[in-house]
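Student: Predicted model and sequence below, questions to follow.
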Amino acid sequence: RHVVIMGVHANECLLKRPFGLRLLTLLGKGGGKGAGLEVMIARDLTDVMYDPRDPPHVTHAHATSLVIRHIEQHVCGSVLSS
């Protein structure tokens with residue numbers, strides 16, 4: 001059983017919401033109803049909410065890659081849509 005998340009603001013909806021990736025991954029690893037779920041994001045179909053005028057003052061694409069890398073290192077894996 002796989003859950004692939006895509007098309008949302010990774011830094012806001014996926015990381016900061018109480019029903020986001022952290023809860024899904026926790027439920028997938030636990031012993032409850034969601035046990036056995038493998039949660040991941042589709043990295044090329046996910047975006048961030050970011051304004052390049054804000055720190056760290058990088059392009060939108062680079063900001064997206066930074067958030068995706070953080071998710072991969074600390075929350076869950078990722079896949080490409082292809």
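Tutor: Here it is on my side, so go on.
Student: Can you list the buried residues in the least confident helix or strand in the chain by mean pLDDT?
Tutor: Here the helix or strand of the chain ranked lowest by mean pLDDT, DSSP states H and E is helix 21-29, holding a mean of 81. Within helix 21-29, the residues that count as buried by 16 or more other C-beta atoms under 10 Å are L21, R22, L24, T25, L27, G28. Any C-beta I mention is one placed from the backbone N, CA and C, and that applies to glycine too.
Student: So the second one versus G28, what's the distance?
Tutor: R22 sits 11 Å away from G28, taking C-beta to C-beta, to the nearest Å as the criterion.
Student: check contacts around Y50.
Tutor: N11, H60, A63, T64 (C-beta atoms under 8 Å, 6 or more residues apart in numbering).
Student: how does it look with 10 Å?
Tutor: Y50 makes contact with 9-12, 56, 58-64, 66-67, according to C-beta atoms under 10 Å, 6 or more residues apart in numbering.
Student: could you say what helices and strands the helix ranked longest in the chain packs with?
Tutor: Among the segments of the chain that qualify as a helix by DSSP state H, the longest is helix 60-74. Judged by 3 or more C-beta pairs under 10 Å, 6 or more residues apart in numbering; DSSP states H and E, helix 60-74 is in contact with helix 21-29, strand 38-42, strand 77-79.
Student: related to what we said a few turns ago, next one: the least confident helix or strand of the chain to chain centre, how far?
Tutor: Distance, stretch centre to chain centre, for helix 21-29: 12 Å (C-alpha atoms, centre = their mean, to the nearest Å).
Student: repeat for stretch 48-60
Tutor: On C-alpha atoms, centre = their mean, the centre of stretch 48-60 falls 17 Å from the chain's centre.
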